[in-house]
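*Asks:* Turn this into a structure:
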Amino acid sequence: MIQQKRFPRALAALLALMLTLSLTITAISEAAAPQPLMPLYLNPGADLMIYNSANDTDVSGFVLQSGMACLLLGEQGGFIQILYLNPAGIQTAGWVQSGSLREKTEADAPSYGIVNSPDHFIRVPLYQKASAKAKTHGKYYNGVVVQVLDNRDKHFVKVRIGSLEGFMPRAQLLLDAPYGSVVSSQPHPTVQHPKYYGLTLRAAQSFQSEKLGAVQNGGSVTVLGVTEDFAHVMLDGGQMGFMQASALIPQPVYADVDPGVLTPEPKGMETVIDNPDGQGAHLRRKGSSKSDSLGLYLNGTRVIVTGGTTWWRKVWVDGKTGYMMAKLLRGFVPKEGEGEDY
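*Replies:* Next up is the predicted model:
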C-alpha cells in the first residue's frame, strides 16, 4: 500500500518539473527572439534644422536633409526628439519641429546608405559616373552615411555626401540598415601643418576654393574619405569640408594599403624631397604618375633611394616603399637628354 501511494506523488512531482522546464524554455525563447525594429520616419519636405534641445535657439551644426530618415524618441512642446545618423555614422539625438515628419512606408525608396566594404582596408569609391571605370571624387571609409538620391540602377546607387554627389557600388552599401550595422573604420588624425599654425577647411577639393574655417595644429578631425591631395573631413561641430591630406598626422592615403604593413629602413642613398614648383612629391605604388598615391610628402622630407630608373626612383619613406619622380629628389634630377622612361 505504501508503494502504491508513492507512485502518484512521484508522477505529480515529475509533471510539475516538466511544466516548470517548459515555462522556462518558453520565457528564454521569447527573450532571445529578435525584437521588432523601431520604424523609420521620413523628412518629406525641405531640409530641417536640428536642435540640441526643444528650443529653437539651441541650434546644432546638423540638418535632417530632405528625404532622409530618422527614429522618433519622443515629443515635447512643439518639438520631436529624434535619433539620426550623422555623416560619420554616429548615432546622435536631436530635436526638430513637430509635424515635419511622417512614417516611412515600403513604397518609399531607401533614404540612406552605410558604406560597407568587406575589407575595411579597401575604401569604397565615390564615382563621378555610374561606372567602375569612371573617375572618382574620392574613396570613403566604412561606417560613413550617404544620402540616397537615386536607387534605380542595378549596380550603382546615386548618393550625396556633404557637397559631393556621385555613384557608389550597390554591393558596398547597406540601404536603410539598422543603426550600428557597420563598424566604423574612419581615422581621426591630428592637424599638424609644417609651416602654419593650423589647417584651412575648404569648400571643395582645391586650394583656391572658398575657406570655411580652420583647425589649429593639435586639433583632430574625422576623415570620411580621401583623394590623393585632400581629405573629406567632419569637424566636432558637424561642419564638413576638405583639408590638405598631407598636413594630417597620420596622413590618410588614397591607395588601399594595410597600414600595418610597414618596412624597416633599408640600406641606400639618403636624400630629401626638393620640388621647386610644388609642395612635395607623391609616393606612388608603381613608377607612373597614373599609379595610386601612397601619400604626399612635403619638401625637406628625408627618403632613402634603393633603386629604380632614371626618371622614377624606388624609395623608402616613413616605413613605406614606393616610387617617386627622380626630378623631385635632390641629387637625382635626370640630366638633359636622359630619356630612359617617362
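
*Asks:* I figured Arg313 hits Ala326, correct?
*Replies:* Yes - using Cβ atoms under 8 Å, Arg313 is in contact with Ala326, at 4.8 Å. For glycine as for every other residue, the C-beta is placed from the backbone atoms N, C-alpha and C.

*Asks:* what separates the residue nearest to the spatial centre of the chain from Phe332, distance-wise?
*Replies:* In the chain, the residue lying closest to the centroid (Cα atoms, centre = their mean) is Tyr141, at 3.1 Å. Look at Tyr141 and Phe332: by Cβ to Cβ, to the nearest Å, they are 35 Å apart.

*Asks:* Ok, Pro276 next?
*Replies:* Distance from Pro276 to Phe332, counting by Cβ to Cβ: 14 Å.

*Asks:* Bridged to the nearest residue to Gly180 once chain neighbours are set aside, which residues?
*Replies:* Spatial nearest neighbour of Gly180, excluding adjacent residues (Cβ to Cβ, 6 or more residues apart in numbering): Gln91 at 7.0 Å. Using DSSP bridges, the beta-bridge partners of Gln91 come out as Leu85.

*Asks:* Mean pLDDT per element in this structure, and the minimum belongs to which helix or strand?
*Replies:* helix 2-32 (a mean of 51; mean pLDDT, DSSP states H and E).

*Asks:* Which helix or which strand is home to Lys119?
*Replies:* I think there's a mix-up here, since residue 119 is Asp and not Lys. Remark: Asp119 resides in no helix or strand, with elements defined by DSSP states H and E.

*Asks:* For it, the count of nearby residues, please.
*Replies:* Residues contacting Asp119 under the criterion other Cβ atoms under 10 Å number 10.

*Asks:* And it, what's its pLDDT?
*Replies:* pLDDT recorded at Asp119 is 90.

*Asks:* again, but for the one 5 residues further on
*Replies:* Here, the pLDDT recorded for Val124 equals 97.

*Asks:* close enough to count as contact, it and Val115?
*Replies:* Yes - using Cβ under 8 Å, Val124 is in contact with Val115, at 5.0 Å.

*Asks:* overlap in contacts of these two?
*Replies:* Residues touching both Val124 and Val115 (Cβ atoms under 8 Å, 6 or more residues apart in numbering): 140, 142, 168, 172-173.

*Asks:* And Pro276 and Phe332? Which one has more around it.
*Replies:* Phe332 (20 against 7).

*Asks:* Centre of the chain to stretch 83-96, how far?
*Replies:* 15 Å (Cα atoms, centre = their mean, to the nearest Å).

*Asks:* Would you mind pulling the contact partners of it?
*Replies:* Contacts for stretch 83-96 (Cβ under 8 Å, 6+ apart): 43, 48-55, 60, 62, 64, 68, 70-73, 76, 79-82, 112, 114, 143-146, 161-162, 179-180, 182, 184, 186, 222, 224, 234, 238, 240.

*Asks:* mind giving me the domain split of the protein?
*Replies:* 43-103, 112-175, 190-249, 269-328 (automatic domain parsing).

*Asks:* could you redo those as JSON lines and give each row distance to Ala255?
*Replies:* Shown next, in JSON lines, are the domains of the chain (distance: least, Cβ to Cβ, whole Å):
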{"stretch": "domain 43-103", "distance to Ala255": "22"}
{"stretch": "domain 112-175", "distance to Ala255": "9"}
{"stretch": "domain 190-249", "distance to Ala255": "9"}
{"stretch": "domain 269-328", "distance to Ala255": "4"}
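
*Asks:* Would you tell me which of those domains gets closest to Val257?
*Replies:* Among these, domain 269-328 comes nearest to Val257, with 6.2 Å by Cβ to Cβ.

*Asks:* Quick one: end-to-end distance for that closest one.
*Replies:* By Cα to Cα, to the nearest Å, the extent of domain 269-328 from end to end equals 15 Å.

*Asks:* Lys195: which of the shared contacts of Val124 and Val115 is nearest?
*Replies:* Of those, the one sitting nearest to Lys195 (Cβ to Cβ) turns out to be Tyr140, at 28.8 Å.

*Asks:* what bridges to that closest one?
*Replies:* Applying DSSP bridges, one finds that Tyr140 bridges with Val124, Gly225.

*Asks:* Next up, the contacts around it.
*Replies:* 115, 123-126, 146, 161, 168, 224-225, 232.

*Asks:* One more pass at 6 Å, please.
*Replies:* Applying Cβ atoms under 6 Å, 6 or more residues apart in numbering to Tyr140 gives the contacts 115, 123-124, 126, 225.

*Asks:* Pull out the buried residues from stretch 289-309.
*Replies:* Buried residues in stretch 289-309, counted by 16 or more other Cβ atoms under 10 Å: 291-299, 301, 303-305, 308.

*Asks:* Which positions within stretch 81-94 qualify as buried?
*Replies:* For stretch 81-94, burial by neighbour count (16+ other Cβ under 10 Å) applies to 81-82, 84-89, 92-94.

*Asks:* Could you say which helix or strand holds Leu294?
*Replies:* Element membership for Leu294, per DSSP H and E: strand 293-298.
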